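K.L.:
below is the sequence, then the predicted model.
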Amino acid sequence: MKQLAEDVFQLKGWPPNAINVYLVGDVLIDAATRQGERRIMRQIAGRTVTAHALTHAHPDHQGASHAVCETLGIPLWCGQGDVPAMEVPGSVIARNAPRIISSFQGRFWVGPPHPVARALTEGDEVAGFSVLETPGHTHGHVSFWRESDRTLIVGDVLMNMNLMTAVTGLHEPLAFATPDPARNRASARRLAELRPALACFGHGPPLRDPDKLARFVAALPDP
Ligand SMILES: [Zn+2]
């Protein structure tokens, strides 16, 4: 894994940066798809991991969550609004429109339900980061912000990769996988206003350019 900031590591994956998992202090943030279990367990072997937190309960983030939590015997945390998606069988997919990719994710990526030990809300502390409620892409989407060095774990409020082509660049998340795009755009504006020195995305390489982020968000049409 690669160190991005103090106590912030990005796990390796293939294609590089496509589906990101971070180790932040002793908390694993996101867990890729169901197929991600082995790469996660291999890379965190020997590290102290005491909890697993999600930015949101989509199949490319919660796929290996159940397996990781069971194997390590650690609790799962996620945003309050995504607790039902994580706990109720079938609900991760039911929240997405029934498009081809959603059904693909449903068959191959989605992880089993898992009880949420801690429902995260605005201002909660996770490994030295503050929880920001950033809904839109999912009802209970959260981001994690560390003011001291302006490090932001974005989740999927914005992406830094085109998921169809794997080309780097800022994008809003795909509309069909985002139940409330206007709300997500408001969350994106909020995150850009923080002017993060380091932004770590669910998809795409990290970005150390707050101006670029601000310009991208400023160019988005009003909801
Ligand atoms: Zn995602």
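P.N.:
Happy to help now that I have it. Residues are numbered from 1 along each chain as shown.
K.L.:
the ion contacts on the chain?
P.N.:
60, 156, 202 (Cβ under 5 Å from the ion). Placement of C-beta: from N, CA and C, glycine included.
K.L.:
out of these, which one sits closest to Arg215?
P.N.:
Asp156 (20.0 Å; Cβ to Cβ).
K.L.:
what's the pLDDT at the closest one?
P.N.:
Looking at Asp156, its pLDDT is 98.
K.L.:
only the buried residues of the longest helix anywhere in the chain, if you could.
P.N.:
When the chain is parsed with DSSP state H, its longest helix is helix 181-193. Buried residues in helix 181-193, counting neighbours by 16 or more other Cβ atoms under 10 Å, are found at 181, 183-185, 187-189, 191-192.
K.L.:
in CSV, list the C-alpha atoms belonging to that helix.
P.N.:
Output of helix 181-193 as CSV, limited to C-alpha atoms (Å, rounded to 0.1, in the frame of the first residue of the first chain):
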residue,chain,number,x,y,z
PRO,A,181,-28.0,14.1,-8.1
ALA,A,182,-29.0,17.7,-7.0
ARG,A,183,-28.2,16.8,-3.4
ASN,A,184,-25.0,15.2,-4.4
ARG,A,185,-24.0,18.3,-6.3
ALA,A,186,-24.6,20.3,-3.1
SER,A,187,-22.4,17.9,-1.2
ALA,A,188,-19.7,18.3,-3.9
ARG,A,189,-19.8,22.1,-3.5
ARG,A,190,-19.5,21.8,0.2
LEU,A,191,-16.4,19.5,-0.1
ALA,A,192,-14.8,21.8,-2.7
GLU,A,193,-15.2,24.8,-0.4
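K.L.:
could I get the average pLDDT for that helix?
P.N.:
97.
K.L.:
equivalent analysis for stretch 92-103, please.
P.N.:
55.
K.L.:
tell me where the protein has helices.
P.N.:
37-44, 59-62, 65-72, 83-87, 91-94, 100-108, 181-193, 210-218.
K.L.:
packing partners of the longest one?
P.N.:
In terms of contacts (3 or more Cβ pairs under 8 Å, 6 or more residues apart in numbering; DSSP states H and E), helix 181-193 is packed against helix 210-218.
K.L.:
got the angle between the helix it packs on and helix 181-193?
P.N.:
Relative orientation of helix 210-218 and helix 181-193, computed by axes from the mean of the first three to the mean of the last three Cα atoms, to 10 degrees: 160 degrees.
K.L.:
from the contact counts, what lies against helix 210-218?
P.N.:
strand 168-171, helix 181-193.
K.L.:
so what touches the last one?
P.N.:
Contacting residues not belonging to helix 181-193 are listed as 132, 134-137, 141, 143, 152, 154, 157-158, 172-173, 175, 178, 199, 210, 213-214, 216-218, 220, 223 [Cβ atoms under 8 Å, 6 or more residues apart in numbering].
K.L.:
and if we set it to 7 Å?
P.N.:
134-137, 143, 152, 154, 157-158, 172-173, 175, 178, 213-214, 217, 220, 223 (Cβ atoms under 7 Å, 6 or more residues apart in numbering).
K.L.:
of the residues you listed, which belong to strands?
P.N.:
Among the contacts of helix 181-193, the members falling in strands are 143, 152, 154 (criterion: DSSP state E).
K.L.:
most surrounded residue in the residues you listed?
P.N.:
Val154 (29 neighbours; other Cβ atoms under 10 Å).
K.L.:
just give the nearest non-adjacent residue to that residue, would you?
P.N.:
Spatial nearest neighbour of Val154, chain neighbours left out: Phe201 (4.9 Å); criterion: Cβ to Cβ, 6 or more residues apart in numbering.
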